[in-house]
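**Q** One predicted model, sequence on top.
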Amino acid sequence: MAPIGKLYCHPLQAQTKPYILSAAAITGLEMELLPFKYNITNKSLDFVKKYLLGNVPAFQDKEGFTLFKVAAIPRYVSSLELESGLLGRGAKEASLAGQWVHFAKFKIQTTANIIYAGAVPKYLPISNRR
């Protein structure tokens, strides 16, 4: 299958795989992952013309339609294959799907990030250098 579009993202960007690439995989769609260098690719004039603030992740479909931010891209990808059920089948299921996505993002992931940021640096080899 031909890719549905191009995705710019930083390789270490935590949201890319669980959100965007998972939505593409579950719906059976492919994306072309473009090479990306932070503060170089997203600061180029061509990039900023397409994605106003230079935000990543950023997506462009085959027709030139562009999106940025982690919430918008997987939602769009999921909408391309409604039979996947990722967005629910009907208004009630779609609302429930949105509810749990936001719950996971703001209650679980935010808390996990705080714990990670506080605990992990203590165990990295670089933190022991003075």
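**A** Happy to help now that I have it.
**Q** which residues sit against whichever strand or helix holds Phe103?
**A** Using DSSP states H and E, Phe103 maps to helix 91-103. Contacts of helix 91-103 from elsewhere in the structure, counted by CB atoms under 8 Å, 6 or more residues apart in numbering, are 85-88. In this view, the C-beta of every residue, glycine as well, is placed from N, C-alpha and C.
**Q** Val70: which of the residues you listed is nearest?
**A** Taking CB to CB as the measure, Leu86 is the one of the contacts of helix 91-103 closest to Val70, at 14.9 Å.
**Q** Spit out the contact partners of the closest one.
**A** Residues in contact with Leu86 (CB under 8 Å, 6+ apart) are 23, 26-27, 78, 97.
**Q** Single out whichever of those residues has the smallest pLDDT.
**A** Scanning the contacts of Leu86 for pLDDT, the smallest score is found at Ala97, 85.
**Q** so how far is Thr111 from that residue?
**A** To Thr111, Ala97 is 21 Å away according to CB to CB, to the nearest Å.
**Q** neighbour-wise, which of the two wins?
**A** Legend: neighbour count by other CB atoms under 10 Å for Ala97 and Thr111, higher for Ala97 (17 against 10).
**Q** Number of residues surrounding the closest residue to Arg89 other than its chain neighbours?
**A** Leaving aside its chain neighbours, Arg89 sits nearest to Leu82 (7.9 Å; criterion: CB to CB, 6 or more residues apart in numbering). Using other CB under 10 Å, Leu82 has 12 other residues around it.
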